[in-house]
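1. Mind folding the following:
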Amino acid sequence: MTTDDQFLYELRRDPPAELAERVRSRLNMDAQGPPAIGRRWLPARIAGWTAAAVAAALLFTFPAVRASAQAFLDLFRVVNFVAVPVRPERIAQLTQLDLPHLLGDQIIVLRQSGPPLAVSGIDAAAAAAGITVQTPAELPANTHVGNIQVIGEHAMRITADAAKLRRVLDALQIDDVEIPADLDGQTADVRVPPIVLINYEQGVQSATLSQARTPVVTLPRGVDLPTLGEIGLRVLGVDAHEAHRVAAAIDWHSTLLVPIPPDATSFRPVDVSGAQGIAIESPPITIDGRRQRVSQIAWSTGGRVFAMRGTLSLRELLMMANSVR
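-> Residues are numbered from 1 along each chain as shown. Below you'll find the model as predicted:
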């Protein structure tokens, strides 16, 4: 853990019992119990739907990258990753907001990626995705290529609604930030190129390498990214002083904020062939009846975004990631 990460850590505590009622009353929503928050974060996701929905509300203030969906550009190119741990109580609050329902009419899907398509090999994946597929030159002992899939292009249009954003901030009791006056009605067009998923098997252990060209988001000129970034950090639970400091220091055209799930046991920056990435480890989970620990590495280089995730050891994943060519 670095010094810069220290401010993001706080002791976990249960959300207050009155949280659900307060949030529902502020948003004037029908009362309903919150969905369970699972401890397993899904394969090839750097952030879950909650983070993606908040990002959409803030006109992609902080990007969420996942196997079939969103990322951010203005012209944005992922170069650096900055981890933002999200406390359990903040996830509970964001879940109570029912962001997918709240923001549903602001997101228009222009092209649906569809389910992953199984292909016969690397060449077929390259042809389907329209890229030269990169693979690890080094594999751990007794590891071989398994199935290969391609997820199609995904495109959407997002329209900012200042009134709904204010309702979100009010529900989270964030009353010391100003929403840019010209935000209302602004649109972002998002295009996520095809994603190639290569599975590697080692007995009962496995890992998946995901890769794609950097997603493209077109934003109107003059959008105040540092201000929106500060709002996004506050929504994620960063305190006012640190959110302002971090937002001012970040190059929002090249930095991806990675919301870290509260059950992650560790995260740290790593060097992947000269590019700065991030490594995340989670506690053991049950996979096919076995307790296994899941690790993930994300990095970007050469106009590509990569993720390596699986139940192989973090040392093995790093070895594979550093040999991707």
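
2. could you dump stretch 232-252 to CSV, C-alpha only?
-> What follows is stretch 232-252, C-alpha atoms only, in CSV (Å, rounded to 0.1, in the frame of the first residue of the first chain):
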residue,chain,number,x,y,z
GLY,A,232,-17.3,11.1,-9.1
LEU,A,233,-14.8,10.6,-6.4
ARG,A,234,-17.2,12.0,-3.8
VAL,A,235,-19.9,9.6,-5.0
LEU,A,236,-17.4,6.7,-4.5
GLY,A,237,-17.0,7.9,-0.9
VAL,A,238,-13.7,9.8,-1.0
ASP,A,239,-13.8,12.7,1.4
ALA,A,240,-14.1,16.3,0.2
HIS,A,241,-10.4,17.4,0.7
GLU,A,242,-8.9,14.4,-0.9
ALA,A,243,-11.4,14.3,-3.8
HIS,A,244,-10.5,17.8,-4.7
ARG,A,245,-6.7,17.1,-4.4
VAL,A,246,-6.8,13.9,-6.4
ALA,A,247,-9.2,15.3,-9.1
ALA,A,248,-6.8,18.3,-9.6
ALA,A,249,-3.8,16.0,-10.0
ILE,A,250,-5.2,13.5,-12.4
ASP,A,251,-4.9,13.7,-16.1
TRP,A,252,-8.5,12.7,-16.9
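
3. buried sites along it?
-> 232-238, 243-244, 246-247, 250, 252 (16 or more other CB atoms under 10 Å). For glycine as for every other residue, the C-beta is placed from the backbone atoms N, C-alpha and C.

4. For residue 137, give me its contacts.
-> Residues near residue 137 by CB atoms under 8 Å, 6 or more residues apart in numbering: 323-325.

5. Among these, which one is most surrounded by other residues?
-> Neighbour counts for the contacts of residue 137 (other CB atoms under 10 Å) peak at residue 324, which has 19 neighbours.

6. hang on, isn't that one packed against residue 132?
-> No. Counting by CB atoms under 8 Å, residue 324 does not reach residue 132; the two are 12.0 Å apart.

7. What's the end-to-end length of stretch 173-190?
-> Using CA to CA, to the nearest Å, the end-to-end distance of stretch 173-190 comes to 30 Å.

8. Touching it from outside, list them.
-> Taking CB under 8 Å, 6+ apart as the rule, stretch 173-190 contacts 59-60, 70-72, 110, 154-163, 165-166, 169, 215-220, 222-224, 227-228, 230-231, 234-235, 240.

9. switch the cut-off to 6 Å
-> 59-60, 70, 156-160, 162, 165, 217-220, 224, 227, 231, 234, 240 (CB atoms under 6 Å, 6 or more residues apart in numbering).

10. ok, now stretch 129-136?
-> 122, 125-126, 150, 194, 196, 320, 323-325.

11. Now with 7 Å, please.
-> Residues outside stretch 129-136 that contact it (CB atoms under 7 Å, 6 or more residues apart in numbering): 122, 125-126, 150, 194, 196, 198, 211, 213, 320, 323-325.

12. Then stretch 313-320?
-> 136, 138-140, 207, 270, 279, 281, 295, 297, 308, 310.
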